[in-house]
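Peer 1: Let me see the structure of the following:
(one chain, ligands or ions: 4)
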Amino acid sequence: HAREHGSNSLRRFDSEIAEQIERRKQLALRVRQAVTRQEFVAFFQPIVSRDFQIVGAEALLRWQTTNAPGPAEFIPFLEEQGLIREVGRQMLHDVIHTAARWRRERYAFESLSVNVSPVQLREEAFVTHVTTALKESGLPAHCLILEITESLYISDEKPVLERLARLRALGVRLALDDFGTGYSALGYLQWMPLDILKIDKSFVLKLAEAHSGRDITIVRAIIQIARACGLDVTAEGVESAEVAHIMCELGTHCLQGYHFGRPISEADMTTLLHSSAIPAHPHQPLT
Ligand code: C2E
Ligand code: MG
Ligand code: MG
Ligand code: MG
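Peer 2: Ligands and ions are numbered 1, 2, ... in the order given. Below you'll find the predicted structure:
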(Lines give C-alpha, C1' and ligand atoms only; values in the text may rest on other atoms or scores of the structure.)
(Ligands and ions follow the chains in the order given, each with its own letter.)
Protein backbone atom coordinates (compact mmCIF):
# COMPACT_ATOMS: atom_id res chain seq x y z
CA HIS A 1 0.00 0.00 0.00
CA ALA A 2 2.81 2.38 0.92
CA ARG A 3 4.47 1.64 -2.38
CA GLU A 4 1.31 2.41 -4.28
CA HIS A 5 0.98 5.67 -2.43
CA GLY A 6 4.61 6.50 -3.22
CA SER A 7 4.24 5.96 -6.93
CA ASN A 8 1.06 8.03 -6.94
CA SER A 9 2.79 11.01 -5.42
CA LEU A 10 5.68 10.46 -7.80
CA ARG A 11 3.28 10.59 -10.72
CA ARG A 12 1.73 13.74 -9.35
CA PHE A 13 5.21 15.20 -8.98
CA ASP A 14 5.98 14.30 -12.62
CA SER A 15 2.86 15.99 -13.91
CA GLU A 16 3.60 19.08 -11.85
CA ILE A 17 7.03 19.29 -13.39
CA ALA A 18 5.55 18.76 -16.86
CA GLU A 19 3.09 21.57 -16.19
CA GLN A 20 5.84 23.85 -15.03
CA ILE A 21 7.94 23.14 -18.11
CA GLU A 22 4.93 23.86 -20.29
CA ARG A 23 4.29 27.15 -18.46
CA ARG A 24 7.89 28.20 -18.96
CA LYS A 25 7.73 27.35 -22.66
CA GLN A 26 4.63 29.51 -23.01
CA LEU A 27 6.29 32.33 -21.11
CA ALA A 28 9.42 32.09 -23.28
CA LEU A 29 7.24 32.40 -26.36
CA ARG A 30 5.32 35.37 -24.98
CA VAL A 31 8.54 37.10 -23.88
CA ARG A 32 10.12 36.77 -27.31
CA GLN A 33 7.01 38.18 -28.98
CA ALA A 34 6.90 40.98 -26.41
CA VAL A 35 10.44 42.02 -27.31
CA THR A 36 9.65 42.34 -31.02
CA ARG A 37 6.36 44.07 -30.25
CA GLN A 38 8.14 46.44 -27.87
CA GLU A 39 5.77 45.70 -25.01
CA PHE A 40 8.45 46.38 -22.41
CA VAL A 41 8.28 49.98 -21.24
CA ALA A 42 9.75 52.00 -18.44
CA PHE A 43 7.66 53.34 -15.59
CA PHE A 44 9.09 55.92 -13.20
CA GLN A 45 8.90 56.22 -9.44
CA PRO A 46 9.78 59.56 -7.81
CA ILE A 47 12.75 59.86 -5.47
CA VAL A 48 12.61 62.78 -3.05
CA SER A 49 15.11 64.72 -0.98
CA ARG A 50 14.95 65.31 2.78
CA ASP A 51 12.60 68.21 2.22
CA PHE A 52 10.35 65.97 0.14
CA GLN A 53 11.08 67.62 -3.19
CA ILE A 54 11.35 65.37 -6.21
CA VAL A 55 15.01 65.13 -7.16
CA GLY A 56 14.87 62.14 -9.43
CA ALA A 57 13.18 58.94 -10.42
CA GLU A 58 13.89 55.26 -10.69
CA ALA A 59 13.04 53.66 -14.00
CA LEU A 60 11.24 50.36 -13.51
CA LEU A 61 10.50 47.94 -16.30
CA ARG A 62 6.88 47.04 -17.01
CA TRP A 63 5.46 44.50 -19.40
CA GLN A 64 2.41 46.02 -21.00
CA THR A 65 0.19 43.10 -21.83
CA THR A 66 -2.87 41.41 -20.35
CA ASN A 67 -2.11 39.41 -17.19
CA ALA A 68 1.52 40.43 -17.39
CA PRO A 69 3.79 39.03 -14.70
CA GLY A 70 5.70 41.54 -12.58
CA PRO A 71 9.39 42.30 -13.05
CA ALA A 72 10.34 40.02 -10.17
CA GLU A 73 9.12 37.17 -12.34
CA PHE A 74 9.94 38.22 -15.90
CA ILE A 75 13.35 39.79 -15.34
CA PRO A 76 15.05 36.59 -14.15
CA PHE A 77 13.40 34.99 -17.14
CA LEU A 78 14.77 37.62 -19.54
CA GLU A 79 18.19 36.98 -17.99
CA GLU A 80 17.92 33.23 -18.49
CA GLN A 81 16.74 33.59 -22.06
CA GLY A 82 19.58 35.95 -22.89
CA LEU A 83 17.11 38.73 -23.69
CA ILE A 84 17.96 41.13 -20.88
CA ARG A 85 20.89 42.60 -22.85
CA GLU A 86 18.62 43.73 -25.66
CA VAL A 87 15.74 44.84 -23.43
CA GLY A 88 18.07 46.48 -20.92
CA ARG A 89 19.97 48.35 -23.61
CA GLN A 90 16.79 49.66 -25.21
CA MET A 91 15.43 50.67 -21.82
CA LEU A 92 18.65 52.47 -20.87
CA HIS A 93 18.66 54.35 -24.15
CA ASP A 94 15.00 55.38 -23.86
CA VAL A 95 15.06 56.52 -20.23
CA ILE A 96 18.30 58.48 -20.63
CA HIS A 97 16.67 60.42 -23.47
CA THR A 98 13.55 60.93 -21.37
CA ALA A 99 15.58 62.23 -18.43
CA ALA A 100 17.51 64.57 -20.71
CA ARG A 101 14.20 66.00 -21.91
CA TRP A 102 12.96 66.47 -18.33
CA ARG A 103 16.13 68.40 -17.54
CA ARG A 104 15.90 70.48 -20.70
CA GLU A 105 12.35 71.42 -19.81
CA ARG A 106 13.89 72.59 -16.54
CA TYR A 107 11.90 70.43 -14.25
CA ALA A 108 13.81 70.06 -10.99
CA PHE A 109 15.22 66.78 -12.17
CA GLU A 110 18.67 65.76 -10.97
CA SER A 111 19.00 62.05 -11.22
CA LEU A 112 17.74 59.10 -13.18
CA SER A 113 18.21 55.71 -11.54
CA VAL A 114 18.34 52.64 -13.75
CA ASN A 115 18.60 49.04 -12.62
CA VAL A 116 21.33 47.09 -14.32
CA SER A 117 21.46 43.32 -14.52
CA PRO A 118 24.75 41.55 -13.81
CA VAL A 119 24.35 40.08 -17.29
CA GLN A 120 24.63 43.59 -18.74
CA LEU A 121 27.73 44.34 -16.69
CA ARG A 122 29.37 41.28 -18.16
CA GLU A 123 29.00 42.79 -21.62
CA GLU A 124 32.10 44.32 -23.13
CA ALA A 125 30.10 47.05 -24.92
CA PHE A 126 28.12 48.14 -21.86
CA VAL A 127 30.21 51.23 -21.13
CA THR A 128 29.95 52.31 -24.78
CA HIS A 129 26.16 51.92 -24.70
CA VAL A 130 25.97 54.19 -21.67
CA THR A 131 28.38 56.83 -22.95
CA THR A 132 26.74 56.91 -26.38
CA ALA A 133 23.28 57.42 -24.88
CA LEU A 134 24.60 60.17 -22.60
CA LYS A 135 26.36 61.95 -25.44
CA GLU A 136 23.42 61.69 -27.87
CA SER A 137 20.90 62.85 -25.30
CA GLY A 138 23.01 65.52 -23.64
CA LEU A 139 22.29 64.14 -20.16
CA PRO A 140 25.27 64.91 -17.88
CA ALA A 141 26.91 61.76 -16.54
CA HIS A 142 26.37 62.81 -12.92
CA CYS A 143 22.61 62.69 -13.54
CA LEU A 144 22.73 58.95 -14.14
CA ILE A 145 22.68 56.45 -11.30
CA LEU A 146 23.15 52.79 -12.10
CA GLU A 147 21.62 50.47 -9.52
CA ILE A 148 23.25 47.13 -9.01
CA THR A 149 21.67 44.42 -6.89
CA GLU A 150 23.74 42.16 -4.77
CA SER A 151 23.50 38.78 -6.36
CA LEU A 152 25.12 35.42 -6.48
CA TYR A 153 26.41 35.81 -9.97
CA ILE A 154 28.28 39.04 -9.72
CA SER A 155 31.50 39.03 -7.78
CA ASP A 156 34.70 40.96 -7.84
CA GLU A 157 35.48 39.91 -11.39
CA LYS A 158 38.16 42.07 -12.91
CA PRO A 159 36.37 43.11 -16.14
CA VAL A 160 33.18 44.01 -14.27
CA LEU A 161 35.12 46.03 -11.73
CA GLU A 162 37.00 47.79 -14.50
CA ARG A 163 33.78 48.70 -16.30
CA LEU A 164 32.24 50.06 -13.11
CA ALA A 165 35.37 52.11 -12.43
CA ARG A 166 35.34 53.53 -15.96
CA LEU A 167 31.70 54.57 -15.66
CA ARG A 168 32.37 56.17 -12.32
CA ALA A 169 35.36 58.04 -13.72
CA LEU A 170 32.97 59.55 -16.28
CA GLY A 171 30.82 60.83 -13.43
CA VAL A 172 28.10 58.18 -13.50
CA ARG A 173 27.05 57.29 -9.96
CA LEU A 174 26.71 53.73 -8.72
CA ALA A 175 24.19 52.50 -6.18
CA LEU A 176 24.09 49.21 -4.34
CA ASP A 177 20.43 48.13 -4.44
CA ASP A 178 18.50 46.07 -1.89
CA PHE A 179 21.28 46.39 0.63
CA GLY A 180 21.13 43.94 3.50
CA THR A 181 19.16 41.13 1.90
CA GLY A 182 21.64 39.87 -0.59
CA TYR A 183 24.29 37.35 -0.83
CA SER A 184 27.23 39.18 0.60
CA ALA A 185 26.18 42.64 1.68
CA LEU A 186 29.32 43.72 3.47
CA GLY A 187 31.55 41.96 0.98
CA TYR A 188 30.14 44.18 -1.75
CA LEU A 189 31.11 47.28 0.18
CA GLN A 190 34.70 46.08 0.14
CA TRP A 191 35.25 45.68 -3.57
CA MET A 192 32.62 47.66 -5.41
CA PRO A 193 33.15 51.31 -6.38
CA LEU A 194 30.05 52.98 -4.96
CA ASP A 195 28.32 56.30 -4.32
CA ILE A 196 24.93 55.34 -2.93
CA LEU A 197 23.53 52.63 -0.75
CA LYS A 198 19.87 51.75 -1.04
CA ILE A 199 18.49 50.17 2.10
CA ASP A 200 16.24 47.31 1.16
CA LYS A 201 12.55 47.96 1.60
CA SER A 202 12.12 44.97 3.91
CA PHE A 203 14.00 46.89 6.62
CA VAL A 204 12.12 50.10 5.96
CA LEU A 205 8.68 48.44 5.89
CA LYS A 206 9.39 46.91 9.31
CA LEU A 207 9.70 50.36 10.86
CA ALA A 208 5.97 50.86 10.31
CA GLU A 209 4.97 47.74 12.22
CA ALA A 210 6.12 47.47 15.76
CA HIS A 211 8.78 50.04 16.43
CA SER A 212 10.69 47.27 18.00
CA GLY A 213 13.98 48.74 19.10
CA ARG A 214 15.83 46.14 17.11
CA ASP A 215 14.40 47.12 13.71
CA ILE A 216 15.44 50.72 14.21
CA THR A 217 18.84 49.64 15.52
CA ILE A 218 19.50 47.65 12.35
CA VAL A 219 18.56 50.53 10.07
CA ARG A 220 20.61 52.95 12.13
CA ALA A 221 23.63 50.65 11.91
CA ILE A 222 23.26 50.30 8.13
CA ILE A 223 23.16 54.07 7.77
CA GLN A 224 26.23 54.44 9.97
CA ILE A 225 28.15 51.92 7.88
CA ALA A 226 27.13 53.69 4.68
CA ARG A 227 28.11 57.11 5.93
CA ALA A 228 31.39 55.82 7.35
CA CYS A 229 32.14 54.54 3.84
CA GLY A 230 31.33 57.98 2.42
CA LEU A 231 28.11 56.87 0.75
CA ASP A 232 24.77 58.58 0.40
CA VAL A 233 21.77 56.63 1.63
CA THR A 234 18.45 56.14 -0.13
CA ALA A 235 15.55 54.43 1.62
CA GLU A 236 13.14 52.45 -0.50
CA GLY A 237 9.71 51.24 0.59
CA VAL A 238 8.69 54.39 2.45
CA GLU A 239 4.92 53.97 2.71
CA SER A 240 3.98 56.52 5.38
CA ALA A 241 4.86 59.99 6.61
CA GLU A 242 5.85 58.47 9.91
CA VAL A 243 8.44 56.16 8.40
CA ALA A 244 9.70 58.98 6.17
CA HIS A 245 10.22 61.02 9.32
CA ILE A 246 12.06 58.19 11.12
CA MET A 247 14.32 57.62 8.12
CA CYS A 248 15.19 61.31 7.94
CA GLU A 249 15.95 61.38 11.66
CA LEU A 250 18.27 58.43 11.15
CA GLY A 251 20.17 60.32 8.46
CA THR A 252 18.81 59.18 5.11
CA HIS A 253 19.61 61.45 2.14
CA CYS A 254 16.83 60.40 -0.23
CA LEU A 255 13.48 58.65 0.06
CA GLN A 256 11.42 56.52 -2.27
CA GLY A 257 8.16 54.71 -1.73
CA TYR A 258 4.41 54.63 -2.12
CA HIS A 259 4.00 57.54 0.31
CA PHE A 260 5.61 59.78 -2.29
CA GLY A 261 4.33 57.99 -5.35
CA ARG A 262 4.03 54.64 -7.06
CA PRO A 263 5.76 53.85 -10.33
CA ILE A 264 3.85 55.68 -13.08
CA SER A 265 4.01 56.05 -16.85
CA GLU A 266 6.36 58.50 -18.53
CA ALA A 267 3.43 60.78 -19.37
CA ASP A 268 2.18 60.77 -15.78
CA MET A 269 5.69 61.39 -14.47
CA THR A 270 6.01 64.37 -16.79
CA THR A 271 2.78 65.76 -15.36
CA LEU A 272 3.93 65.08 -11.80
CA LEU A 273 7.28 66.81 -12.38
CA HIS A 274 5.37 69.73 -13.76
CA SER A 275 3.15 70.07 -10.70
CA SER A 276 5.49 68.59 -8.09
CA ALA A 277 2.49 67.60 -6.00
CA ILE A 278 4.31 65.84 -3.21
CA PRO A 279 3.26 66.06 0.46
CA ALA A 280 5.48 68.70 2.02
CA HIS A 281 7.42 68.36 5.26
CA PRO A 282 10.71 70.11 5.85
CA HIS A 283 13.72 68.31 7.30
CA GLN A 284 17.04 69.72 8.34
CA PRO A 285 19.78 69.22 5.78
CA LEU A 286 22.47 66.75 6.76
CA THR A 287 25.74 68.15 7.95
P1 C2E B 1 14.15 47.50 -7.03
O2 C2E B 1 15.15 48.03 -7.99
O3 C2E B 1 14.58 47.33 -5.63
O4 C2E B 1 12.89 48.44 -7.17
C5 C2E B 1 12.05 48.77 -6.10
C6 C2E B 1 10.81 47.92 -6.10
O7 C2E B 1 10.06 48.24 -4.95
C8 C2E B 1 9.90 48.18 -7.28
O9 C2E B 1 9.24 46.97 -7.59
C10 C2E B 1 8.91 49.20 -6.70
O11 C2E B 1 7.69 49.23 -7.39
C12 C2E B 1 8.77 48.66 -5.31
N13 C2E B 1 8.38 49.70 -4.36
C14 C2E B 1 8.64 51.01 -4.41
N15 C2E B 1 8.16 51.67 -3.36
C16 C2E B 1 7.54 50.75 -2.58
C17 C2E B 1 6.81 50.83 -1.34
O18 C2E B 1 6.64 51.88 -0.75
N19 C2E B 1 6.34 49.66 -0.85
C20 C2E B 1 6.49 48.48 -1.49
N21 C2E B 1 5.98 47.39 -0.92
N22 C2E B 1 7.17 48.37 -2.67
C23 C2E B 1 7.68 49.50 -3.21
P24 C2E B 1 9.09 46.45 -9.10
O25 C2E B 1 8.85 47.59 -10.01
O26 C2E B 1 8.11 45.33 -9.06
O27 C2E B 1 10.53 45.90 -9.43
C28 C2E B 1 11.03 44.77 -8.79
C29 C2E B 1 12.49 44.59 -9.09
O30 C2E B 1 12.69 44.24 -10.44
C31 C2E B 1 13.34 45.86 -8.88
O32 C2E B 1 13.62 46.04 -7.52
C33 C2E B 1 14.54 45.53 -9.71
O34 C2E B 1 15.44 44.70 -9.00
C35 C2E B 1 13.95 44.73 -10.85
N36 C2E B 1 13.81 45.63 -12.02
C37 C2E B 1 12.84 46.50 -12.32
N38 C2E B 1 13.08 47.12 -13.50
C39 C2E B 1 14.27 46.66 -13.93
C40 C2E B 1 15.10 46.90 -15.10
O41 C2E B 1 14.81 47.73 -15.98
N42 C2E B 1 16.27 46.18 -15.21
C43 C2E B 1 16.64 45.28 -14.26
N44 C2E B 1 17.80 44.60 -14.44
N45 C2E B 1 15.90 45.02 -13.16
C46 C2E B 1 14.73 45.70 -12.99
MG1 MG C 1 16.40 49.48 -7.98
MG1 MG D 1 15.33 47.46 -4.01
MG1 MG E 1 15.76 44.66 -6.51
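
Peer 1: isn't C248 right next to L255, touching?
Peer 2: Yes: the criterion here is C-beta atoms under 8 Å, and C248 meets it with L255 at 7.5 Å. Where C-beta positions appear, they are placed from N, C-alpha and C, glycine not excepted.

Peer 1: Which one's more surrounded, these two?
Peer 2: L255 (26 against 22; other C-beta atoms under 10 Å).

Peer 1: State the distance from the more buried one to T271.
Peer 2: 21 Å (C-beta to C-beta, to the nearest Å).

Peer 1: Q224 now?
Peer 2: Applying C-beta to C-beta, the value for Q224 to T271 is 38 Å.

Peer 1: and what of A125?
Peer 2: 35 Å.

Peer 1: Enumerate the residues of this structure near ligand 1.
Peer 2: Counting by C-beta under 6 Å from any ligand atom, the residues of the chain lying close to ligand 1 are 45, 60-61, 70-72, 75, 88, 91, 115-117, 147, 149, 177-178, 201, 236-239, 256-258, 263.

Peer 1: quick one: which of these sit in strands?
Peer 2: Among these, DSSP state E puts 45, 60-61, 115-116, 147, 149, 177-178 in strands.

Peer 1: tell me the contacts of R104?
Peer 2: G138 (C-beta atoms under 8 Å, 6 or more residues apart in numbering).

Peer 1: For it, grab phi and psi.
Peer 2: Main-chain torsions, R104, degrees, to the nearest 10: phi -60, psi -40.

Peer 1: Find me the pLDDT at it, would you?
Peer 2: R104 is assigned 89 on the pLDDT scale.

Peer 1: just the one 4 residues further on next, same as before
Peer 2: Taken from the predicted model, the pLDDT recorded for A108 is 73.

Peer 1: Is it in contact with S275, as I believe?
Peer 2: No: taking contacts as C-beta under 8 Å, A108 lies outside contact range of S275: 11.6 Å.

Peer 1: Return the closest of the ones in strands among the residues of the chain next to ligand 1 with respect to Q53.
Peer 2: Q45 (15.2 Å; C-beta to C-beta).

Peer 1: Quick check: that closest one vs R168, distance?
Peer 2: From Q45 to R168 the distance is 24 Å (C-beta to C-beta).

Peer 1: Tell me the residues of this structure that contact ligand 2?
Peer 2: Proximity of the chain to ligand 2, by C-beta under 5 Å from the ion, involves residues 115, 147, 177.

Peer 1: what would these look like in CSV with neighbour count, distance to W102 and pLDDT?
Peer 2: CSV is the format used below for the residues of the chain next to ligand 2 (neighbours: other C-beta atoms under 10 Å; distance: C-beta to C-beta, whole Å; pLDDT from 0 to 100):
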residue, neighbour count, distance to W102, pLDDT
N115, 21, 19, 97
E147, 20, 18, 96
D177, 23, 22, 93
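
Peer 1: Could you point out the longest helix of the chain?
Peer 2: Secondary structure assigned by DSSP state H gives helix 2-36 as the longest helix of the chain.

Peer 1: how about the closest residue to ligand 4 within the stretch 1-150 of the chain, what does it touch?
Peer 2: Closest contact between the stretch 1-150 of the chain and ligand 4, by C-beta to the ion, is at T149 (4.7 Å). Contact analysis of T149 by C-beta under 8 Å, 6+ apart lists 115, 118, 176-178, 182.
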